[in-house]
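Novice: please work out how this folds:
(2 chains)
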Amino acid sequence: MSRSLPQTFTDRDGIGYQALLLAGFALAASVLLVVGNLVTKGPIAERKAEDLLASLEQVIPAELHDNDLLANPLMIPRSSLNSNSSSSSSSSRGRHGESEIIVYRALQGLDVTAVAFETLGQGYAGPIRVLLGIGVDGRILGARVLAHSETPGLGDKIEIARDDWITDFNGRDLSDPPPEQWAVKKDGGVFDQFSGATITPRAVVAAIKGGLETFAAQRDALTASAVITTEISQ
Amino acid sequence: MTKDPNKTARERTPWGRIARDGLWGNNVVLAQMLALCPLLAVTGTTTNGLGLGLASLVVMVASGLLVSSLRGLITPQVRIPVFVLIIATLVTLVDLAMNAWLHDLHKVLGLFIPLIVTNCAILGRAESFASRNRIAPAAFDGLMMGVGFTLVLVTLGAMRELIGSGTLFANASLLLGEAMGFLETTLIPDYRGFLLMILPPGGFLALGFLLAGQRLLKRLPTFKRRSQSASLASPG
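Specialist: Numbering: from 1, shown residues only, chains lettered A, B, ... in the order given. The predicted structure is shown next:
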């Protein structure tokens, strides 16, 4: 490699040249990607926050809150009734594992008027993420499907953009309809299914019912202690 | 056999031939039968097809430029990993940029953008054209291949969207801004929809018809000549 010949094939055929070439390109690619990531990180985070806020505003009416819905969310464990540890983690924001639910709160002054959180259903072609807004009285303020991979044209009527089916949940709670009728009509419940797609609405109904049950189980932590947790986190 | 056309290409750039190849004669989909996976996945609507087409177009031009300008540096032994690295980097950058500045479209296409990496058409052009030609023709080839690919995506998307849901360019304002919202048309009002065309099988069906149509158009001149000679011959 140290020969001072002009570039010849023997020179460039050496393993050293190949290795250096590949390493050089890998380095250049890494540098480019780091720069790209730094440049786009801010805008992407902003877009994500905008998306989340837009969804939250659909399930929590604007007149119910005077705070920034994204500020100081609560973390509650997904399936644990013990909520003692939730208040301490409320100040840490960002990504958390599936074991915790992020609960966004609508406040008027320091009183909680509503909460919104994500609940999951197992649909026909994958998980369905539903954002559920619940008032302090346990009634549903609104529900919206955030993401799903259901069949286009059949199962996608759960999207508000395609059908107003999901608004049927507005104003309902765990006793309206009674628990045994929290199901699609085919299963003896009160909610419409779609022709050709029963699994999808069934999954959404189950997800929303599960969300209501979570809320009922942790109601005290989510509503009454809000003042205290806000003070702690500030 | 591959050497001679390249030598002549180096002497004088056959811009017209590059354009014809990219748009029709050697079209990524119609002739090379490449990139079918992203093609079938996104063409449920015209807008999605256009979006993926434009993203692929950017990557194709940029990879043509880069591969061609670095072709003196890259040795044949490591060319494939280097090309893959270049293309993967470009795609990631396009993905990040779209997520940041075309966020609504990214929500629709997000899943498919990383698929551009696996678009063998880009690697194929890097290997067979960009690495053997000067920068300008290589970029032009990328542009023409990209435009050809976009045209097929849009055509296929329009076929499927029209038959499947009776609209054209639905949600086009997400991609092109509010100014282009007039493109969104409902051609068949109160259409119940023909689900099959939106689902993947519809993609295969539409592609089949598209390819058959292209073969027919390619043969049309021969048919005409034959029928002309036949009509000339029969009266005599």
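
Novice: would you mind listing what in chain B touches chain A?
Specialist: With CB under 8 Å from any CB of the partner chain as the criterion, chain B meets chain A at residues B:44, B:73-75, B:77-78, B:81-82, B:85-86, B:88-89, B:92-93, B:96-97, B:99-101, B:103, B:107, B:164-165, B:193, B:195, B:198-199. Using the backbone N, CA and C atoms, a C-beta is placed for each residue, glycine as well.

Novice: buried ones from those residues, can you make that a PyMOL selection?
Specialist: Selecting only the buried entries of those in PyMOL, with 16 or more other CB atoms under 10 Å in any protein chain shown as the criterion:
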select buried, chain B and resi 44+74+78+82+85+86+88+89+92+93+96+97+99+100+103+164+165+193+195+198+199
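
Novice: can you tell me which of the residues of chain B next to chain A are in helices?
Specialist: B:81-82, B:85-86, B:88-89, B:92-93, B:96-97, B:99-101, B:103, B:107, B:164-165, B:195, B:198 (DSSP state H).

Novice: can you show me the helices along chain A?
Specialist: A:9-13, A:15-59, A:199-217, A:219, A:226-233.

Novice: what's the most buried one of those helices?
Specialist: helix A:199-217 (a mean of 21; mean count of other CB atoms under 10 Å in any protein chain shown).

Novice: which elements pack onto that helix?
Specialist: Judged by 3 or more CB pairs under 8 Å, 6 or more residues apart in numbering or on different chains; DSSP states H and E, the packing partners of helix A:199-217 are strand A:111-122, strand A:127-135, strand A:140-147.

Novice: redo these as JSON lines? Include mean pLDDT, mean neighbour count and distance to B:L187.
Specialist: Formatted as JSON lines, the helices and strands packed on helix A:199-217 follow (pLDDT from 0 to 100; neighbours: other CB atoms under 10 Å in any protein chain shown; distance: least, CB to CB, whole Å):
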{"stretch": "strand A:111-122", "mean pLDDT": "89", "mean neighbour count": "21", "distance to B:L187": "35"}
{"stretch": "strand A:127-135", "mean pLDDT": "92", "mean neighbour count": "23", "distance to B:L187": "31"}
{"stretch": "strand A:140-147", "mean pLDDT": "91", "mean neighbour count": "21", "distance to B:L187": "28"}
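
Novice: for chain B, which of the ones you listed is the nearest?
Specialist: strand A:140-147 (9.2 Å; CB to the nearest CB).

Novice: and the angle from the closest one to helix A:15-59?
Specialist: 160 degrees (axes from the mean of the first three to the mean of the last three CA atoms, to 10 degrees).

Novice: for strand A:140-147, packing partners?
Specialist: Using 3+ CB pairs under 8 Å, 6+ apart, strand A:140-147 sits against helix A:15-59, strand A:127-135, helix A:199-217.

Novice: which residue is nearest the centroid of chain B?
Specialist: B:F149 (0.9 Å; CA atoms, centre = their mean).

Novice: buried ones in the strand or helix carrying that one?
Specialist: Using DSSP states H and E, B:F149 sits within helix B:135-165. The neighbour-count check on helix B:135-165 (16+ other CB under 10 Å) flags B:135, B:137-165 as buried.

Novice: got any ranges where the chain has weak pLDDT?
Specialist: Assuming you mean chain A. A:1-12, A:78-99, A:224-234 (pLDDT under 70).

Novice: actually it's chain B I care about, not the one you picked
Specialist: Counting by pLDDT under 70, chain B contains low-confidence residues at B:1-11, B:174, B:177-179, B:230-236.

Novice: which residues are in contact with B:W24?
Specialist: B:30-31, B:148 (CB atoms under 8 Å, 6 or more residues apart in numbering or on different chains).

Novice: you'd agree it is in a strand?
Specialist: No: counting by DSSP: H, G, I helix; E, B strand; the rest coil, B:W24 is not part of a strand but helix.

Novice: and it, how close does it get to B:I18?
Specialist: 12 Å (CB to CB, to the nearest Å).

Novice: ok, now B:S165?
Specialist: 37 Å.

Novice: now B:M144
Specialist: Counting by CB to CB, the gap from B:M144 to B:I18 is 6 Å.

Novice: can you check B:R219 too?
Specialist: B:R219 sits 24 Å away from B:I18 when distances are taken as CB to CB.

Novice: name the residue in the two with the higher neighbour count.
Specialist: Legend: neighbour count by other CB atoms under 10 Å in any protein chain shown for B:R219 and B:I18, higher for B:I18 (22 against 11).

Novice: which element is that one on?
Specialist: Short version, using DSSP H and E: B:I18 is in helix B:15-20.

Novice: buried set for that helix?
Specialist: Those would be B:18-19, for helix B:15-20 by 16+ other CB under 10 Å.

Novice: for that helix, name the packing helices and strands.
Specialist: helix B:135-165.

Novice: now do the helix it packs on: distance to the chain's middle.
Specialist: Relative to its parent chain, helix B:135-165 has a centroid offset of 4 Å by CA atoms, centre = their mean, to the nearest Å.

Novice: cool, stretch B:44-61 as well?
Specialist: 8 Å.

Novice: okay, and the beta partners of the spatially most central residue of chain A?
Specialist: In chain A, the residue lying closest to the centroid (CA atoms, centre = their mean) is A:E118, at 5.2 Å. Beta-bridge pairing for A:E118 (DSSP bridges): A:L131.

Novice: in terms of contact, does it touch A:I102 like I think?
Specialist: Yes: counting by CB atoms under 8 Å, A:I102 is a contact partner of A:E118 at 7.2 Å.

Novice: find residues that contact each of these two.
Specialist: Counting by CB under 8 Å, 6+ apart, A:E118 and A:I102 have no common neighbour.

Novice: so what's B:G166 up against?
Specialist: Counting by CB under 8 Å, 6+ apart, B:G166 makes contact with B:186-189, B:191, B:193.

Novice: again, only using 7 Å
Specialist: B:G166 is in contact with B:186-188, B:191, B:193, counting by CB atoms under 7 Å, 6 or more residues apart in numbering or on different chains.

Novice: now, among these, which is nearest to chain A?
Specialist: Nearest to chain A among those, with distances taken as CB to the nearest CB, is B:G193, at 5.7 Å.

Novice: pretty sure the closest one sits against B:G164.
Specialist: Yes: between B:G193 and B:G164 there is a contact under CB atoms under 7 Å: 6.2 Å.

Novice: find the residues that touch each one of these two.
Specialist: With CB under 7 Å, 6+ apart as the test, B:G193 and B:G164 reach no residue in common.

Novice: contacting residues for the residue nearest to the centre of chain A?
Specialist: A:101, A:129-131, A:146.

Novice: if we use 10 Å, what do you get?
Specialist: A:52, A:55, A:101-104, A:129-132, A:146-147, A:207, A:211 (CB atoms under 10 Å, 6 or more residues apart in numbering or on different chains).

Novice: check B:A206 too.
Specialist: B:A206 neighbours (CB under 10 Å, 6+ apart): B:40, B:43, B:155-160, B:163-164, B:197.

Novice: and for B:M159?
Specialist: Here B:M159 is in contact with B:43, B:46, B:49, B:197, B:202-203, B:205-207, B:209-210 (CB under 10 Å, 6+ apart).
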